[in-house]
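>>> Sequence first, then the predicted structure, then my questions.
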There are 2 protein chains.
Amino acid sequence: MRDKNKQILLARRPQGAPEPGDFELVKTPAPEPGDGEFLARTLYLSLDPYMRGRMNAERSYSAPVKIGGVMEGGTVSRVEVSNHRDYAAGDIVIGRAGWQEYALSNGAGMRKVRAGNLPLSTALGVLGMPGMTAYTGLLNIGQPKDGDTLVVAAASGAVGGIVGQIARIKGCRVVGVAGSRQKCRYVVEELGFDACLNHHDDDFEAALAAACPDGVDIYFENVAGRVLRAVIPLFNFFARMPVCGLISQYNAVGPSGEPDHLPALMRAMLTNRIAMRGFIVTDFAAQQDDFLRDVGRWVADGRIKYREHRVAGLEAAPQALIGLLQGENFGKVIVEVSPASG
Amino acid sequence: MRDKNKQILLARRPQGAPEPGDFELVKTPAPEPGDGEFLARTLYLSLDPYMRGRMNAERSYSAPVKIGGVMEGGTVSRVEVSNHRDYAAGDIVIGRAGWQEYALSNGAGMRKVRAGNLPLSTALGVLGMPGMTAYTGLLNIGQPKDGDTLVVAAASGAVGGIVGQIARIKGCRVVGVAGSRQKCRYVVEELGFDACLNHHDDDFEAALAAACPDGVDIYFENVAGRVLRAVIPLFNFFARMPVCGLISQYNAVGPSGEPDHLPALMRAMLTNRIAMRGFIVTDFAAQQDDFLRDVGRWVADGRIKYREHRVAGLEAAPQALIGLLQGENFGKVIVEVSPASG
């Protein structure tokens, strides 16, 4: 095995929605760890919407993936061979090994995952980056108070589902938005949201307004597009708007044909004195212990549920990311790269 | 005199830009103060962009002026007759007596203005609502730091001029935007801004980018429209955006014909982790003493300058507001309603 390292590279920058040909699967010799390094075998790879941004050349909060470079991504891996004094073969580590079966590490950006009662893959989901994104964005920027109404889209997804469940714990009325009737049913019946609307429905705007009879105090922005436009007229005074993602825009090329909605947003910002703030999870890195303590307890208590969308094999990752960007997943997307017990 | 109270009423709600026929000048008997009341004669009336919003029926942070109601506005007045134990004839008071020569008050919303070295009208400008709007919005939301670059439009106006001068005091590079070459010259030469661009110029966007070689850390939003669109590509990481006004939109009717600029703003908010917040000055009412102390000292020291655009007579107020909304004023608009020494 060790002389066959499957990797998925960025072959070219997508125009609009990524296509299979934007990725390239290669097999290279697995690298040999030098002094102070270890070789890790990827067990689980997390797929997340932000990856679409890394495929572009444009400046963002992180540097783009280079053409011919290994696609980036968060991973849970098992140490296979170690020349690093802090790591031993068999250790389970979380880090950013990317879209590949084997990766070398000197330990930077890696940390060991303690074996608990939950599946290891939760370190990439509810107890990982998406969960911490939900927790920190909601609590720091959204500032939920008892009786507030919160709206969150991608409500059955890795971030939206956690946002809504934490907001419920904080006493909010929680209205989700998702892309199918099946997802909405899950969001209400399993996750305990007060309501969930399908953004494909013709009467979505009216249904959202009806589901928010007291207006909207927090809009946790995952998607932009039609959902954002529907929320703008519903904002209450002093509403808060954490901006976490804009998935409906990520594949956009050129103007949408929509009229200019910027004036309506600005008018709402001013007349309602709304606070909007973009963030990424690393802005709140200092709150990692709080997050693991609180969300770990809520998951253990059954107050927070999560759902994984498992994909088998690294080869399936490109199509899974393409689908994720179109809302085809149902839950946190986890690629099973190597057998966890293997 | 006292049986002739000139008042200007809202005759009808404007469609787009206000017209003279949207206002009505009436003469009514001056009211007689009852027990616990005083009669105040308006010396100065402040005209401000927010008044356009009050002429609409739509929900905002304040209730609209009723059709047939006296137009609202901040005033400096002199007590003429008093049956109120805390006020005596001759006292100078600041409050919201509106667009009229005489007003009754029971003291609510009024406070006495101390005679100082500055003209009484400054209580409506640099040391009044516009100055406090600039001070509180900039310091609380803009959070200027040494070396930041700030952009502010309506830079020769009542708020923008103070924003830029305070930002200079705080060590910022300050770039103004105004509507004429003459105003820009004043903003740079008199107010000490580092640069000022004319938003009517064909190459405005390029000129703004050139004037902000290190990007934009604070955009104090007074105007929206073309200026906001030009700033969006220039934002730095963790930029701040106090939203104080949107004067370019106030007269808008229907869609502008512009393509949708909302996606570009949202992308900038997320990738730069920008904090945007709408506010009105009363949100920071508790900071009045700080404001008067700091800005009073800066004006006394000559570090903050201001300019008034004086208009003679209440009859001139409608046309002056119409002009203000089109950028025809040059400085803080003050209507001289009654002779200050009369």
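Sure thing, it's come through. Residues are numbered from 1 along each chain as shown, chains lettered A, B, ... in the order given.
>>> switch to C-alpha atoms for all contacts and neighbour counts from now on
OK.
>>> Tell me if the strand or helix carrying A:Gly131 is near chain B.
Remark: A:Gly131 resides in helix A:129-136, with elements defined by DSSP states H and E. No. Judged by CA under 8 Å from any CA of the partner chain, helix A:129-136 and chain B are separated, with a smallest distance of 13.2 Å.
>>> Show me what that helix is packed against.
With contacts taken as 3 or more CA pairs under 8 Å, 6 or more residues apart in numbering or on different chains; DSSP states H and E, helix A:129-136 sits against helix A:160-169, helix A:288-300.
>>> Could I get the CA-only coordinates of the shortest one as CSV?
Only the C-alpha atoms of helix A:160-169 are listed here, as CSV (Å, rounded to 0.1, in the frame of the first residue of the first chain):
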residue,chain,number,x,y,z
GLY,A,160,-27.0,25.1,10.0
GLY,A,161,-28.3,22.1,12.0
ILE,A,162,-26.0,22.9,14.9
VAL,A,163,-26.8,26.6,14.8
GLY,A,164,-30.5,26.0,15.1
GLN,A,165,-30.2,23.4,17.9
ILE,A,166,-27.9,25.7,19.9
ALA,A,167,-30.4,28.6,19.3
ARG,A,168,-33.2,26.4,20.6
ILE,A,169,-31.2,25.6,23.7
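>>> Now do that helix and helix A:129-136, the angle between them.
Computed by axes from the mean of the first three to the mean of the last three CA atoms, to 10 degrees, the angle separating helix A:160-169 from helix A:129-136 equals 30 degrees.
>>> So what are the sheet partners of the helix or strand following helix A:160-169 and their directions?
Using DSSP H and E, the helix or strand that follows helix A:160-169 towards the C-terminus is strand A:173-178. Within its sheet, and counting by DSSP bridges, strand A:173-178 is paired with strand A:149-153 (parallel), strand A:195-198 (parallel).
>>> ok, back up a step: what does the helix holding A:Gly131 rub up against?
A:123-126, A:158-160, A:162-163, A:166, A:244, A:280-281, A:284, A:287-288, A:291, A:295 (CA atoms under 8 Å, 6 or more residues apart in numbering or on different chains).
>>> check the residues you listed against chain B, which are close?
The overlap between the contacts of helix A:129-136 and the neighbours of chain B (CA under 8 Å from any CA) comes to A:Cys244, A:Ile280.
>>> before we move on, the earlier item: avg pLDDT for the helix holding A:Gly131?
In this model, helix A:129-136 carries a mean pLDDT of 98.
>>> okay, the angle between that helix and helix A:288-300?
Going by the same axes, to 10 degrees, helix A:129-136 is angled at 100 degrees with respect to helix A:288-300.
>>> Buried residues of helix A:129-136, list them for me.
A:Met129, A:Pro130, A:Gly131, A:Met132, A:Thr133, A:Ala134, A:Tyr135, A:Thr136 (16 or more other CA atoms under 10 Å in any protein chain shown).
>>> cool, and stretch A:32-39?
Under the neighbour-count criterion of 16+ other CA under 10 Å, stretch A:32-39 has A:Pro33, A:Glu37, A:Phe38, A:Leu39 buried.
>>> Reformat these as TSV; add secondary structure.
As requested, the buried residues of stretch A:32-39 are arranged in TSV below (DSSP: H, G, I helix; E, B strand; the rest coil):
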residue	secondary structure
A:Pro33	coil
A:Glu37	coil
A:Phe38	strand
A:Leu39	strand
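>>> what would the residues you listed look like in TSV with pLDDT?
As requested, the buried residues of stretch A:32-39 are exported to TSV (pLDDT from 0 to 100):
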residue	pLDDT
A:Pro33	95
A:Glu37	97
A:Phe38	97
A:Leu39	96
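>>> And the contacts of stretch A:277-287?
A:129, A:132-133, A:136-137, A:141, A:241-244, B:269-276.
>>> make that stretch A:58-77, sorry
Here stretch A:58-77 makes contact (CA under 8 Å, 6+ apart) with A:7-13, A:40-47, A:51, A:53-57, A:92-100, A:120-121, A:123-124, B:237, B:271-272.
>>> among the buried residues of stretch A:32-39, which two are most distant?
Across these, the longest distance by CA to CA is 6.9 Å; it joins A:Glu37 and A:Leu39.
>>> intersection of neighbour lists for these two?
Contact criterion CA under 8 Å, 6+ apart; residues shared by A:Glu37 and A:Leu39: A:Ser82, A:Leu104, A:Ser105.
>>> where does the second one land in three-state SS?
In this case it means A:Leu104. Of the three states, A:Leu104 takes strand under three-state DSSP.
>>> which one is it nearest to, not counting chain neighbours?
A:Leu39 (4.7 Å; CA to CA, 6 or more residues apart in numbering or on different chains).
>>> What residues are bridge-paired with the one you found?
As for beta bridges, A:Leu39 partners with A:Val81, A:Leu104 under DSSP bridges.
>>> what does the stretch 201-342 of chain A put close to chain B?
A:224-225, A:237, A:243-246, A:249, A:255-263, A:265-267, A:269-280.
>>> Which members of these occur in strands, if any?
In strands, judged by DSSP state E, the following of those are found: A:Phe237, A:Val243, A:Ala275, A:Met276, A:Arg277, A:Gly278.
>>> By neighbours, which of those residues wins?
Of all those, the highest neighbour tally under other CA atoms under 10 Å in any protein chain shown goes to A:Val243, namely 29 neighbours.
>>> before we move on, back to that, nearest to A:Val187, of the ones in strands among the residues of the stretch 201-342 of chain A next to chain B?
Using CA to CA, A:Val243 is the member of these that sits closest to A:Val187, with 21.1 Å.
>>> A:Gly327 reaches A:Val177, doesn't it?
No. With contact defined as CA atoms under 8 Å, A:Gly327 does not reach A:Val177; the gap is 11.9 Å.
>>> Settle it for me: which of these two has more neighbours?
Using other CA under 10 Å, the more surrounded residue of A:Gly327 and A:Val177 is A:Val177, with 25 against 17.
>>> So for the more buried one, what's the nearest residue that isn't a sequence neighbour?
Nearest residue to A:Val177, sequence neighbours excluded (CA to CA, 6+ apart): A:Ala153, at 4.3 Å.
>>> where are the low-confidence patches of chain A?
Along chain A, the parts satisfying pLDDT under 70 run over A:1-3, A:115, A:341-342.
>>> Distance of A:Val177 relative to B:Phe23?
As defined by CA to CA, to the nearest Å, A:Val177 lies at a distance of 46 Å from B:Phe23.
>>> and A:Ser46, helix, strand or coil?
strand.
>>> ok, it touching A:Val337?
No. In this structure, A:Ser46 is not within contact of A:Val337 by CA under 8 Å, at 10.1 Å.
>>> what does the stretch 1-150 of chain A put close to chain B?
Of all the residues in the stretch 1-150 of chain A, those lying near chain B are A:Ser60, A:Tyr61, going by CA under 8 Å from any CA.
>>> for the stretch 1-150 of chain A, what spans make up the strands?
Ranges of strands in the stretch 1-150 of chain A, per DSSP state E, counting those that start in this stretch, are A:5-10, A:23-28, A:38-47, A:75-82, A:92-95, A:102-105, A:111-112, A:149-153.
>>> wait, which of the ones you listed is closest to B:Ala88?
The closest of those to B:Ala88 is strand A:149-153. By CA to CA, the value is 49.9 Å.
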